[in-house]
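[1] any chance you can model this:
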Amino acid sequence: LFVTARPLAATQRAKHSCTVRRTYDKDSMGIVSRYVLFELLKVFLVALVAMTGFVIIIGIVKETSSQGIGPAQIVRLIPYILPDALRFTLPGTLLFTACMVYGRLSGNNEVMAIKAMGISPLVLLWPVLVLAVGLSLVAVWLNDVAVSWGQAGVRRVVVEAVESVAYGMLRTQRSYSTSRFSVTVKAVRDRTLISPVITYQASADSPPVMFRAEEAELRSDRAENALTIIFRNGTMDWDGVATMQIPDTFEQPIPLDAASQARTAAQLSPAQLGLSEISGQLESQKRMIEVLQEEMAATAAYQMLAGDFTALKDAEWEKRRQTLDAMKNKLYRLQTEPWRRWANGFSCLCFVLIGAPMAIRLRNSDVLATFFVCFLPILVVYYPLLTYGVDGSKRGALPPCSVWLGNVILVVWGAWLLRRVVRY
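    Numbering: from 1, shown residues only. Take a look at the predicted model:
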């Protein structure tokens, strides 16, 4: 009995030792993961606030210089510029955070200590990979919000501030113009325009109307969505066809969209549409192309049956071909845009797959040097491939999925780096 009991006791002690060791390893891995995640969040939030604030300042300066808006409009612009700033700063900030945290861990031999304990280095990398996946989804959402809500809000603020913008530019430059509306003055006294010359074109098909007056004043009405021009002692000229004298006061309302330098909804490119709008635009564009191609085919068949072959080369056919090419070009851009936004969003994950393992292998606590070494291959490989894919897709030379070419290369490269970190 004694001889039988000894191996049983040894087996129980071995099982108990393995159980304790597994519990210890599990607790250790949890502590390490929480520690790394806390360090990542701490550095990421500080860097994100700093970089986003810098980009917002650049955006405000750009809008101020191009639109001439005042302090009140600048404050209103900040919420609308924020999503646009975040979608550019998120990937770079996450890469900087990964380089800083993992470069310091590797430089202080903490990664080597983790390996010496028999714990896989993936325990250190899981927190940043999970964070990168979550932020990639957020970045995709921000790419959509920045154009569907942010840029629309910027246009609305600029349109509503057209009166103050026009007065500001007239005081400094003596002129203000948009595609359908222009004003030149001799001087501005308070709110009175001295010797103004105002040109307004209601539509592309209508002739422009020129107003000349001794004095004028601008008043915007948001409720009526109009900029009213009050003339005193002026004349109206319809493109040299007719002229009318205005001896007294005359008011001419102009739509705010026409008087503003902001683009209207009809002038927006596919890159300025929300993802929910792109699907409807795609179907509409495909139907328009089909209708035009059917009309061209029917017209060509009729002219060939009539023996009028010279008509196939006239200016009208060239105009139709140009229209069809422009419609196809817009279709290609609409097809490319959703792929581009998802690829841009998941650049966060792709950057981390390169930055974190490379920072560990460099074993350099100098964050700027590590960041430069990690960002250089991204700058040389990722952005040229992204540009190549986007340009080819917009021209119809490549399928829309080609915009993911740079992301795929970074993922393959990052997987190779991760494998070497785990093995060595």
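[2] which residues of the chain score low on pLDDT?
    Applying pLDDT under 70 to the chain flags residues 1-29, 63-70, 204, 240, 259-268, 308-312, 365.
[3] and L142, what does it touch?
    With contact taken as Cβ atoms under 8 Å, 6 or more residues apart in numbering, L142 is in contact with P83, L86, R87, L90, G345. No exception for glycine: its C-beta is placed from N, CA and C like everyone else's.
[4] redo these as TSV? Include secondary structure, distance to E217 and neighbour count.
    TSV is the format used below for these (DSSP: H, G, I helix; E, B strand; the rest coil; distance: Cβ to Cβ, whole Å; neighbours: other Cβ atoms under 10 Å):
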residue	secondary structure	distance to E217	neighbour count
P83	helix	37	20
L86	helix	41	22
R87	helix	42	24
L90	helix	46	26
G345	helix	48	23
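[5] among these, which one sits closest to R171?
    The shortest separation between R171 and any of the contacts of L142 is 32.8 Å, and it belongs to P83 (by Cβ to Cβ).
[6] do I have it right that that closest one meets A146?
    Yes. Under the contact definition of Cβ atoms under 8 Å, P83 touches A146, with a separation of 4.1 Å.
[7] returning to what we had before: now tabulate the contacts of L142 in a markdown table and tack on distance to L305.
    As requested, the contacts of L142 are exported to a markdown table (distance: Cβ to Cβ, whole Å):
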| residue | distance to L305 |
| --- | --- |
| P83 | 57 |
| L86 | 61 |
| R87 | 56 |
| L90 | 61 |
| G345 | 54 |
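[8] which of the residues you listed sits closest to M210?
    Of all the contacts of L142, M210 sits closest to P83, with 41.5 Å by Cβ to Cβ.
[9] for L170, see how far away L218 is.
    Between L218 and L170 the distance is 9 Å, computed by Cβ to Cβ, to the nearest Å.
[10] between these two, which contacts overlap?
    Overlap between the neighbourhoods of L218 and L170 consists of L193, taking contacts as Cβ under 8 Å, 6+ apart.
[11] more crowded one of the two?
    Between L218 and L170, counted using other Cβ atoms under 10 Å, L218 has the larger neighbour count: 23 against 20.
[12] is it fair to say the more buried one lies in a strand?
    Yes. Checked against DSSP: H, G, I helix; E, B strand; the rest coil, L218 lies within a strand.
[13] so who does it touch?
    For L218, the residues meeting the contact criterion (Cβ under 8 Å, 6+ apart) are E163, A166, Y167, R191, L193, L227, T228, I229, I230.
[14] nearest residue to the second one in space, please, no chain neighbours.
    Spatial nearest neighbour of A166, chain neighbours left out: Y176 (4.7 Å); criterion: Cβ to Cβ, 6 or more residues apart in numbering.
[15] next: the first one.
    Nearest residue to E163 in three dimensions, chain neighbours excluded: S220, at 3.9 Å (Cβ to Cβ, 6+ apart).
[16] was I right to think the one you found contacts A226?
    Yes. Contact status for S220 versus A226: in contact at 7.5 Å, counting by Cβ under 8 Å.
[17] burial count for D391?
    With neighbours defined by other Cβ under 10 Å, the count for D391 comes to 14.
[18] tell me where the stretch 301-424 of the chain has helices.
    According to DSSP state H, counting those that start in this stretch, the stretch 301-424 of the chain carries its helices in the segments 315-345, 347-362, 367-377, 383-395, 405-423.
[19] contact partners for the closest residue in space to P377 that isn't next to it in sequence?
    With Cβ to Cβ, 6+ apart as the criterion, P377 has its nearest non-adjacent residue at 6.8 Å, and that residue is I354. Contact partners of I354, counting by Cβ under 8 Å, 6+ apart, are L95, C374, P377, I378, L410, W413, G414, L417.
[20] how close does I354 sit to A343?
    If you measure I354 against A343 using Cβ to Cβ, the figure is 16 Å.
[21] check which residues of stretch 358-371 are buried.
    Along stretch 358-371, the positions that meet the burial threshold by neighbour count (16 or more other Cβ atoms under 10 Å) are M358, A359, I360, L362, R363, N364, V367, T370, F371.
[22] tell me the secondary structure of the residue nearest to the spatial centre of the chain, please.
    In the chain, the centroid-proximal residue (Cα atoms, centre = their mean) is N143; its distance is 5.1 Å. The three-state label for N143, taken from three-state DSSP, comes out as helix.
[23] F346 is in contact with that one, correct?
    No. Counting by Cβ under 8 Å, F346 is not a contact partner of N143; they are 10.5 Å apart.
[24] V188: neighbour count?
    Using other Cβ under 10 Å, V188 is surrounded by 16 other residues.
[25] just M112 next, same as before
    M112 has 13 neighbours, counted by other Cβ under 10 Å.
[26] what strand or helix carries it?
    Counting by DSSP states H and E, the element that carries M112 is helix 110-116.
[27] from the contact counts, what lies against that helix?
    Using 3 or more Cβ pairs under 8 Å, 6 or more residues apart in numbering; DSSP states H and E as the contact criterion, the neighbours of helix 110-116 among helices and strands are helix 122-145.
[28] how close does the residue nearest to L105 when sequence neighbours are not counted sit to Y102?
    Distances taken as Cβ to Cβ, 6+ apart put V111 closest to L105, at 5.6 Å, once the chain neighbours are dropped. Summarising the geometry, the distance separating V111 from Y102, computed by Cβ to Cβ, is 8 Å.
[29] where do the contact lists of the two overlap?
    Contact criterion Cβ under 8 Å, 6+ apart; residues bridging V111 and Y102 by contacting each: L124, I360.
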